[in-house]
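> Coordinates only, no sequence provided:
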């Protein structure tokens, strides 16, 4: 990231000696401390007679302002990106919450239906038992009646065989 900042400063560097050159020279001398800054300024003002304290302050302010402007622009850009992501996150979360609620409702409805079907299944014997018992009774009565008639008919046949010549 610092490399990008230095590249940006290089791209906006004004021609001639100014704050940027004094700063770079002092860094090359071991760091931007007061001794190195004074030494760099003294050396560079002989190379460029237009280099003054006012020029250093003005161009230093220019570079600081330029970096601040870039920082503000980048911050705004990142904030817009962040806000977009937060909005998408919230939208997705809301959508999922709605889907979850719908699924939970469906599950509750299915559980209710399941419970009702279990009750119906458990009560199925009671529903059909009277009808099945009635049919069994009719079958038994039918067998008894038919067997009774058959027995009577067999007795008649036996009498006919014995008594009629």
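Done, it's in. These numbers were taken from a predicted model, which means no experiment stands behind them.
> For the lowest-mean-pLDDT helix or strand in the chain, list every residue counted as buried.
When each helix and strand of the chain is scored by mean pLDDT, DSSP states H and E, helix 2-12 comes last, with a mean of 85. For helix 2-12, burial by neighbour count (16 or more other Cβ atoms under 10 Å) applies to residue 9. For the C-beta atoms, the positions are set from N, CA and C on the backbone; glycine is no exception.
> and that helix, what other elements does it pack with?
Helix 2-12 sits against helix 53-122, with contacts defined as 3 or more Cβ pairs under 8 Å, 6 or more residues apart in numbering; DSSP states H and E.
> between the helix it packs on and helix 2-12, what angle do the directions make?
Interaxial angle, helix 53-122 versus helix 2-12 (axes from the mean of the first three to the mean of the last three Cα atoms, to 10 degrees): 130 degrees.
> Distance from helix 53-122 to the middle of the chain?
Centroid separation for helix 53-122 versus its chain: 10 Å, with Cα atoms, centre = their mean, to the nearest Å.
> And stretch 14-28, by the same measure?
Computed by Cα atoms, centre = their mean, the chain-centroid distance of stretch 14-28 equals 51 Å.
> for that stretch, what is the average pLDDT?
Averaging pLDDT along stretch 14-28 gives 92.
> what residues does it touch?
Residues from elsewhere that reach stretch 14-28 (Cβ atoms under 8 Å, 6 or more residues apart in numbering): 9, 13, 32-33, 36-37, 39-41, 43-45, 47-48, 50-51, 55-57, 59-60, 62-63.
> Same check on stretch 50-60?
Residues outside stretch 50-60 that contact it (Cβ under 8 Å, 6+ apart) are 14, 16-20, 22-23, 41, 44-45.
> Show me how to select, in PyMOL, the buried members of those residues.
Filtering the contacts of stretch 50-60 down to the buried ones (16+ other Cβ under 10 Å) takes a single PyMOL command:
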select buried, resi 17+18+19+20+22+23+41+44+45
